[in-house]
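> this is a predicted model, with the sequence first.
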Amino acid sequence: MNLTGKLLIAMPGMGDPRFDKSVVLICAHSAEGAMGLIVNKPTGEVELSDMLEQLSISHGPESRQMNVRFGGPVETGRGFVLHSLDYVSFVNTLKVEGGFGMTATLDILEELARGHGPERALVVIGYAGWGPGQLEGELAQNAWLTCDADMRLVFDLPDNAKWDGALRSMGISPLLLSSEAGHA
């Protein structure tokens, strides 16, 4: 089972608070492991303009305004842009099933600073990573639900509505979920 381009939805009671009520877009999944970006955890007060200043990228009033999100606990000093495929840096963009792209180079930040780049984008710091078989084990332990990724859910819903929205896209009411696993 390849989960590239799918969403992981954290089940209630997940032991790691960094993933509580998180929604993760899986950008790569193979026998070597998996890599994804949490799409609904704001970093707090960090804005794209703060990141641009830290990287010495000039920006003005035309610069895109957006919050930076926590993409996961791995390499938290590294930034990624999850975006629509109307922007592609042919050497640097990883195309993800479902119409998503992920670019981790300065060129996309420079485009955003000029008010250009992809129509839809999320800027994140860090990523979520799993070693070989680790994600499959977590799925077997009912730590995650999976569903198809939806551009509207990922880019348009407010962060605090994405977890509920992902569950509802599967026909599941968040009020009916239990943190207790059951096996038949």
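Looks like it arrived, so ask away.
> from now on I want contacts and neighbour counts done on CA atoms only, so please keep to that.
Will do.
> show me what the least confident helix or strand in the chain by mean pLDDT is in contact with.
For the chain, using mean pLDDT, DSSP states H and E, the weakest element among its helices and strands is strand 42-47, scoring a mean of 85. Residues from elsewhere that reach strand 42-47 (CA atoms under 8 Å, 6 or more residues apart in numbering): 65-70, 159.
> list the neighbouring strands of that strand plus their orientation.
strand 67-70 (antiparallel) (DSSP bridges).
> re the thing from before, of the contacts of strand 42-47, buried ones?
67-70, 159 (16 or more other CA atoms under 10 Å).
> closest one of those residues to Ser30?
Distance to Ser30, by CA to CA, is smallest for Phe70 among the buried ones among the contacts of strand 42-47, at 23.4 Å.
> that closest one bridge partners, please.
With DSSP bridges as the rule, Phe70 is bridged to Ile125.
> now do the contacts for it.
So Phe70 contacts 38-43, 124-127 (CA under 8 Å, 6+ apart).
> one more pass at 10 Å, please.
The contact partners of Phe70, by CA atoms under 10 Å, 6 or more residues apart in numbering, come to 18, 37-44, 76, 79, 123-128.
> do Gly99 as well
Neighbours of Gly99 in contact, by CA under 10 Å, 6+ apart: 5, 83-86, 149-151.
> go through the least confident helix or strand of the chain and flag the buried ones.
Buried residues in strand 42-47 (16+ other CA under 10 Å): 42, 47.
> quick one: residues in contact with the helix or strand just after that strand.
Downstream of strand 42-47, the first helix or strand assigned by DSSP states H and E is helix 48-54. Contact partners of helix 48-54, identified using CA under 10 Å, 6+ apart, comprise 55-60, 63-69, 79, 106, 109-110, 112-113, 122-125.
> please, where are all the strands along the chain?
For the chain, the strands defined by DSSP state E occupy 6-10, 23-30, 33-38, 42-47, 67-70, 74-84, 93-96, 100-103, 121-130, 144-148.
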